[in-house]
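S.K.: this is a predicted model, with the sequence first.
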Amino acid sequence: SAVISQKPSRDICQRGTSLTIQCQVDSQVTMMFWYRQQPGQSLTLIATANQGSEATYESGFVIDKFPISRPNLTFSTLTVSNMSPEDSSIYLCSVQDSYEQYFGPGTRLTVT
Amino acid sequence: KQEVTQIPAALSVPEGENLVLNCSFTDSAIYNLQWFRQDPGKGLTSLLLIQSSQREQTSGRLNASLDKSSGRSTLYIAASQPGDSATYLCAVNIRGSARQLTFGSGTQLTVLP
């Protein structure tokens, strides 16, 4: 099984600023996934990050708002840009290992 | 488009009771189905994974079943404990969609001591 860590675990940010969330996996994986969970809601996939190529964004999410880096097979970052209170959510990174999906502990973001 | 529904949205039971959580999905062409547990403000913990060719999986007090033809899965929790209190999410992995998951909205379980 994959072990995933995220930094920061939580943050409170002012509107208009940006926050970069880091995701580290203890093994090499081809694809990493970034999800958002808005308050009281289930998870929504933001994008899929492949090492060495551009991330693939889901409908409703754009690169200018959520730029993603994937410099190697164990690490990825998600930036939430020009934040507004509507961006207040838990952001989770995820990997798949032997058909099973694993999630990081999440980053709880509050935008004031 | 795949849709995943979980019923009930919330459930409160006394300690020791056996219970069943339900998950239904609209497209039976799934790769696998996974049950997760989420504690408040936390990430997801994988509980059970059922491949499309399987009918059920068991882990300790948990048993998950899958009926692809009817688009249903159940999570059975035996002898519930207060520590089981959490939100339980099911997610289907759609065949041919690059290993993406479609999540249900979850069942919030409270086990009363």
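M.R.: Happy to help now that I have it. The structure presented is a predicted model; accordingly, all values stated were derived computationally and were not measured.

S.K.: residue B:1: what secondary structure?
M.R.: coil (DSSP: H, G, I helix; E, B strand; the rest coil).

S.K.: residues near it, how many?
M.R.: By other C-beta atoms under 10 Å in any protein chain shown, the residues close to residue B:1 number 6. (Each C-beta comes from the backbone N, C-alpha and C, glycine too.)

S.K.: residues contacting it?
M.R.: B:26-27 (C-beta atoms under 8 Å, 6 or more residues apart in numbering or on different chains).

S.K.: am I right that residue A:86 sits in a strand?
M.R.: No: Residue A:86: not assigned to a strand; according to three-state DSSP it is helix.

S.K.: for it, give me the pLDDT.
M.R.: The model reports residue A:86 with a pLDDT of 96.

S.K.: which non-adjacent residue is nearest it?
M.R.: residue A:111 (7.8 Å; C-beta to C-beta, 6 or more residues apart in numbering or on different chains).

S.K.: spell out whether whichever helix or strand residue B:24 is part of and chain A are in contact.
M.R.: Assessed by DSSP states H and E, residue B:24 sits inside strand B:19-25. No: Strand B:19-25 does not reach chain A (C-beta under 8 Å from any C-beta of the partner chain); its nearest approach is 11.8 Å.

S.K.: got the phi and psi for residue A:16?
M.R.: Main-chain torsions, residue A:16, degrees, to the nearest 10: phi 90, psi -10.

S.K.: how about the residue nearest to it when sequence neighbours are not counted, what does it touch?
M.R.: Spatial nearest neighbour of residue A:16, excluding adjacent residues (C-beta to C-beta, 6+ apart): residue A:82 at 6.0 Å. Counting by C-beta under 8 Å, 6+ apart, residue A:82 touches A:16-18, A:65.

S.K.: quick one: residue B:55 and residue B:65 touch, right?
M.R.: Yes: between residue B:55 and residue B:65 there is a contact under C-beta atoms under 8 Å: 6.4 Å.

S.K.: of the two, which one has the most company?
M.R.: Using other C-beta under 10 Å as the criterion, residue B:55 and residue B:65 rank with residue B:65 on top: 18 against 11.

S.K.: per-residue pLDDT of the residue nearest to the spatial centre of chain A, please?
M.R.: Closest to where the C-alpha atoms of chain A average out (C-alpha atoms, centre = their mean) is residue A:34, at 3.7 Å. We have a pLDDT of 96 for residue A:34.

S.K.: which residues sit in contact with it?
M.R.: So residue A:34 contacts A:23, A:45-49, A:66, A:68, A:76, A:78, A:91-94 (C-beta under 8 Å, 6+ apart).

S.K.: same question, residue B:23
M.R.: B:4-6, B:33, B:35, B:72-75, B:90, B:104.

S.K.: what residue of chain A is the furthest out?
M.R.: The C-alpha centroid of chain A is most remote from residue A:98, which lies 21.0 Å away (C-alpha atoms, centre = their mean).

S.K.: what's the burial count for the nearest residue to residue B:108 once chain neighbours are set aside?
M.R.: Nearest residue to residue B:108 in three dimensions, chain neighbours excluded: residue B:10, at 4.5 Å (C-beta to C-beta, 6+ apart). By other C-beta under 10 Å, the residues close to residue B:10 number 10.

S.K.: again with the one 10 residues further on
M.R.: By the other C-beta under 10 Å criterion, the neighbourhood of residue B:20 contains 11 residues.

S.K.: ok, residue A:112 to residue B:87 distance?
M.R.: Computed as C-beta to C-beta, to the nearest Å, the residue A:112 to residue B:87 distance reads 26 Å.

S.K.: that's all I had, so thanks and see you.
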